[in-house]
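**Q** everything below, folded, please.
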Amino acid sequence: MKIVSAAEMREIDRATSERFGVPSITLMENAGSAVARFVLSDYPQAERVGILCGKGNNGGDGFVVARKLVEAGRAVRVLLLSDPEELRGDAAAMFQNMLQRLQPLKIAPLVVREASWLDSLDAAEIFAADVIVDAILGTGFHPPVSPLYAAAIGKMNAASAPIVAVDIPSGADADAMRPPAATGSRNGVRDEVRGEARGDAIVTFTAPRPAHVFAGLTSGPTVISPIGSPPEAIMSQLGLHLSTPPDFAPLLAPRTRESNKGSYGHVLVIGGSLGKAGAAAMAGFAALRTGAGLSTVATPLSVLPTVASFHPELMTEPMAETEQGTISLRALGSGLDSLLERKTIVAIGPGISRNSETADFVRRIVKRRDTSSVVNMVVDADALNAFEGSASQLNGRGQTLVITPHPGEMSRLTGLSIAEIQANRLEVARNFAREHESIVVLKGHRTLIAAPDGTVWVNPTGNPGMATGGTGDVLTGMVAGLIAQHPQHALEATALAVYLHGLAGDLASKSVGGTSLVATDLVRFLPQAFAQMRNQKSEEVRFHP
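**A** As a prediction, this is how the structure comes out:
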């Protein structure tokens, strides 16, 4: 799903009506209906709903929400922050439609023209509702917030009821590319000063704006609802893509009846060392659980029995080792070519250690792929650390090279501090992918998958419970396993691996709790994650902070 700017969203709406014949009032009707559905589904016990409406199209959406909720039997009060005569176009038409529905019930909107009127008893009743719908300002807003709107936002922020934002919390910058920590506190006092509304949930339309993904606008879900724009109308120059289940439908298609294990690729994991056997084993088994036909773990001879004991489905190959129980340069001998033969992809790094001789082995084998039959490679963990100070040697050169660094590993590759990387994640990942002709998976909250052409996929799944040892090794195996099955679609396969990895973590967290989550829980919940993606029927997309 493309991420679009606020200006691009306006152009999409215009093109939808002018080029594709969908009336703008239909888009408004569909938008308001989507918000009403969300309120009814996510707040089923909320009987009293307060709706704050501005005079623009966001307010028009709010009028539709009010009408739909009244039809559903909810007690609705509307607060209009303008004179009704100031309404124009579709918003004015939807206001009249709402009045026709409210008048038989003897319900009139509360019209507020001055900030002092917000202190009235009627206004207090609206702010005391079970749920408040924020339909004051949308993503087309340009600062500053007017004094009347700012006062209404302050009152809304101070209310105890959850706030559902229509399109975006009022006053927020739709094109913001930084999280709250980079733009200021989102507590009530600071928000009131900035004139920005609190959001406990957001329902937006057609495509997300950057702030929906990066700016931490809400403490609850963000729902993206289609309202009638065809895919041909959704254009963007940002080069950003939010990963969603429909994006991966071709990679999740059922297997043919003529399948055999050779149909789905052979993954070779090179890793493990004394004391870190589990990392290589988890990567190898994650490749199988993700659907690879075969998975072999090549590991130091003394470590091999431990790796083999984890999962009987794994094949193992012994490698010459150093005195410290890590892979030795002697492993580059004549047997290596036969080991690489007929492998679809190599994943190198899980548990491999930072031994200097082993680091030299890593650099040589990554370079060696230029002359071997293996052209697909995933480099992770200490295999990335082997390129500290020599990142220029880490280059895809038109082949499939995926690296999966966390910010610390990215710091060692780039020479930038972790703080600099975290403050500029998008630029760092995009620039490294371009310069090194590789796919970069920069791990963390909203993991980024950057391609050599500058395209960046943003992952919305995952949770803090996954901040535990071994989850990165599982991801490495999953990336390798999916590329093994779809070598011609390496970018999409990598993005799918990251999405599934986070989704399995979300499912595991719900089951065992974030504190108790361990890496093997991700492998355990992978089948459920696959099933959830394949069974999703709704056209709406939902993601969480």
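**Q** so which residues of the stretch 1-150 of the chain form strands?
**A** 48-53, 75-80, 110-111, 131-135 (DSSP state E, counting those that start in this stretch).
**Q** sorry, slip of the keys, the one I care about is the stretch 401-545 of the chain.
**A** Using DSSP E, counting those that start in this stretch, the strands found in the stretch 401-545 of the chain span residues 439-442, 448-450, 456-458, 541-543.
**Q** one step back: redo the strands of the stretch 1-150 of the chain as a markdown table? Include mean neighbour count, distance to residue 243 and mean pLDDT.
**A** Just so you know, the C-beta spots here come from the backbone N, C-alpha and C atoms, and that holds for glycine as well. Formatted as a markdown table, the strands of the stretch 1-150 of the chain follow (neighbours: other C-beta atoms under 10 Å; distance: least, C-beta to C-beta, whole Å; pLDDT from 0 to 100):
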| stretch | mean neighbour count | distance to residue 243 | mean pLDDT |
| --- | --- | --- | --- |
| strand 48-53 | 27 | 33 | 98 |
| strand 75-80 | 24 | 36 | 97 |
| strand 110-111 | 16 | 42 | 97 |
| strand 131-135 | 29 | 27 | 98 |
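**Q** grab the most central residue of the protein for me.
**A** residue 460 (1.7 Å; C-alpha atoms, centre = their mean).
**Q** was I right about it contacting residue 242?
**A** Yes: assessed by C-beta atoms under 8 Å, residue 460 is found in contact with residue 242 at 6.3 Å.
**Q** list residues touching both of those two?
**A** Taking C-beta atoms under 8 Å, 6 or more residues apart in numbering as the criterion, residue 460 and residue 242 both touch 213, 543.
**Q** which one of the strands of the stretch 401-545 of the chain lies closest to residue 237?
**A** The minimum distance between residue 237 and the strands of the stretch 401-545 of the chain falls on strand 456-458, with 13.0 Å, by C-beta to C-beta.
**Q** give the other helices and strands that that closest one contacts.
**A** Applying 3 or more C-beta pairs under 8 Å, 6 or more residues apart in numbering; DSSP states H and E, we find strand 456-458 packed against strand 240-242, helix 425-436, strand 448-450, helix 490-512.
**Q** hmm, 10 Å instead?
**A** helix 210-214, strand 240-242, helix 425-436, strand 439-442, strand 448-450, helix 490-512 (3 or more C-beta pairs under 10 Å, 6 or more residues apart in numbering; DSSP states H and E).
**Q** return the list of strands paired to it, each annotated with direction.
**A** Counting by DSSP bridges, the strands paired with strand 456-458 are strand 240-242 (parallel), strand 448-450 (antiparallel).
**Q** pick the most buried one from those strands.
**A** Stretch with highest mean neighbour count among the strands paired with strand 456-458: strand 448-450 (a mean of 26; mean count of other C-beta atoms under 10 Å).
**Q** gap between stretch 404-411 and the chain center?
**A** Relative to its chain's centre, stretch 404-411 lies at 19 Å (C-alpha atoms, centre = their mean, to the nearest Å).
**Q** in it, what's buried?
**A** Across stretch 404-411, burial judged by 16 or more other C-beta atoms under 10 Å covers 404, 405, 406, 407, 409, 410, 411.
**Q** so for that stretch, mean pLDDT?
**A** When pLDDT is averaged over stretch 404-411, the result is 98.
**Q** low-confidence ranges in the stretch 51-200 of the chain?
**A** In the predicted model of the stretch 51-200 of the chain, residues 179-194 satisfy pLDDT under 70.
**Q** rewinding a little: just put the strands of the stretch 1-150 of the chain in a markdown table and tack on distance to residue 490.
**A** A markdown table is the format used below for those (distance: least, C-beta to C-beta, whole Å):
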| stretch | distance to residue 490 |
| --- | --- |
| strand 48-53 | 47 |
| strand 75-80 | 51 |
| strand 110-111 | 57 |
| strand 131-135 | 42 |
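**Q** can you give me the helices for the stretch 101-250 of the chain?
**A** Ranges of helices in the stretch 101-250 of the chain, per DSSP state H, counting those that start in this stretch, are 121-127, 147-158, 180-183, 188-194, 210-214.
**Q** what segments of the stretch 151-300 of the chain are strands?
**A** Ranges of strands in the stretch 151-300 of the chain, per DSSP E, counting those that start in this stretch, are 163-166, 201-205, 222-225, 240-242, 266-270, 294-300.
**Q** leaving out sequence neighbours, find the closest residue to the residue nearest to the centre of the chain.
**A** residue 543 (3.6 Å; C-beta to C-beta, 6 or more residues apart in numbering).
**Q** same thing with residue 509?
**A** residue 465 (4.5 Å).
**Q** residues in contact with the nearest residue to residue 518 once chain neighbours are set aside?
**A** Leaving aside its sequence neighbours, residue 518 sits nearest to residue 468 (C-beta to C-beta, 6+ apart; 6.0 Å). Shown in contact with residue 468 (C-beta atoms under 10 Å, 6 or more residues apart in numbering): 505, 514, 515, 516, 517, 518, 519, 521, 522.
**Q** so for the fifth one, what's the pLDDT?
**A** We note a pLDDT of 98 for residue 517 in this prediction.
**Q** before we move on, back to that, among the strands of the stretch 1-150 of the chain, which comes closest to residue 452?
**A** Relative to residue 452, the nearest member of those by C-beta to C-beta is strand 131-135, separated by 40.8 Å.
**Q** what angle separates the closest one from helix 147-158?
**A** 150 degrees (axes from the mean of the first three to the mean of the last three C-alpha atoms, to 10 degrees).
**Q** name every strand pairing with strand 131-135 and say which way it goes.
**A** The strands beside strand 131-135 in its sheet (DSSP bridges) come out as strand 48-53 (parallel), strand 163-166 (parallel).
**Q** quick check, residue 216 in contact with residue 176.
**A** Yes: assessed by C-beta atoms under 10 Å, residue 216 is found in contact with residue 176 at 9.4 Å.
**Q** list the contacts for residue 94?
**A** By C-beta under 10 Å, 6+ apart, the contact list for residue 94 reads 25, 28-29, 32, 53, 57, 59-67, 87.
**Q** alright, I will stop here.
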